[in-house]
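>>> sequence and predicted structure, then a few things I'm wondering about:
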Amino acid sequence: MDHQFGFAWIALCASLAIHVTDEALTDFLSVYNPSVLAIRRRLPFLPLPTFKFGTWLGLLILAVVALSALSPFAFRAAPWMVRLAYVFGAIMLANGVGHVASSIYLRRWMPGVYSSPLLLAISIWLLLVARAG
């Protein structure tokens with residue numbers, strides 16, 4: 001595995017940062033929090049959190065910084081990073097699909113959908129590079 005794994009890792013971290021910015025600018029929490037409250041009413045055993053904007057944004061920034069800080073290990077293709085890439089890539093793939101699918105289902109642009117194609121493409125790239133390694 002060459003440096004492509006490291007570049008794919010950095011690209012997905014950057015894509016996540018762009019996606020977080022997209023969600024913040026399009027008021028993602030105005031859709032997320034009411035959805036969580038509705039789900040909780042039907043399925044009270046699910047521990048889904050609601051967020052205030054500052055907490056939500058701070059946690060996502062922390063996640064982007066922490067994932068980005070792992071980049072040197074990605075360039076070395078550490079075996080544990082390859083396993084982590086499957087998790088990171090799969091979660092980001094599901095995230096992107098969720099935004100696109102909900103936009104299609106609700107017939108309106110959902111918060112975060114503008115950056116979802118980038119998130120989808122880069123997460124697939126990371127998963128393919130991890131698999132090839």
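Ah, there it is.
>>> residue nearest the centroid of the chain?
Among the residues of the chain, Met92 comes closest to the average C-alpha position under CA atoms, centre = their mean, at 3.8 Å.
>>> quick one: list the elements packing against the helix or strand harbouring that residue.
Assigned by DSSP states H and E, Met92 belongs to helix 79-106. Applying 3 or more CB pairs under 8 Å, 6 or more residues apart in numbering; DSSP states H and E, one finds that helix 79-106 contacts helix 4-25, helix 71-75, helix 116-132. Glycine gets a C-beta too; all of them are placed from N, C-alpha and C.
>>> mean neighbour count, mean pLDDT and distance to Val36 for the ones you listed - can I get that in TSV?
Listed next are these as TSV, based on neighbours: other CB atoms under 10 Å; pLDDT from 0 to 100; distance: least, CB to CB, whole Å:
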stretch	mean neighbour count	mean pLDDT	distance to Val36
helix 4-25	20	98	15
helix 71-75	17	96	32
helix 116-132	19	97	20
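>>> nearest residue to the residue nearest to the centre of the chain in space, please, no chain neighbours.
Closest residue to Met92 in three dimensions, ignoring its sequence neighbours and counting by CB to CB, 6 or more residues apart in numbering: Ser123, at 4.0 Å.
>>> do I have it right that the one you found meets Val97?
No. Using CB atoms under 8 Å, Ser123 makes no contact with Val97, being 9.5 Å away.
>>> and Leu93, how close does it get to Pro72?
Distance of Leu93 to Pro72, computed by CB to CB, to the nearest Å: 24 Å.
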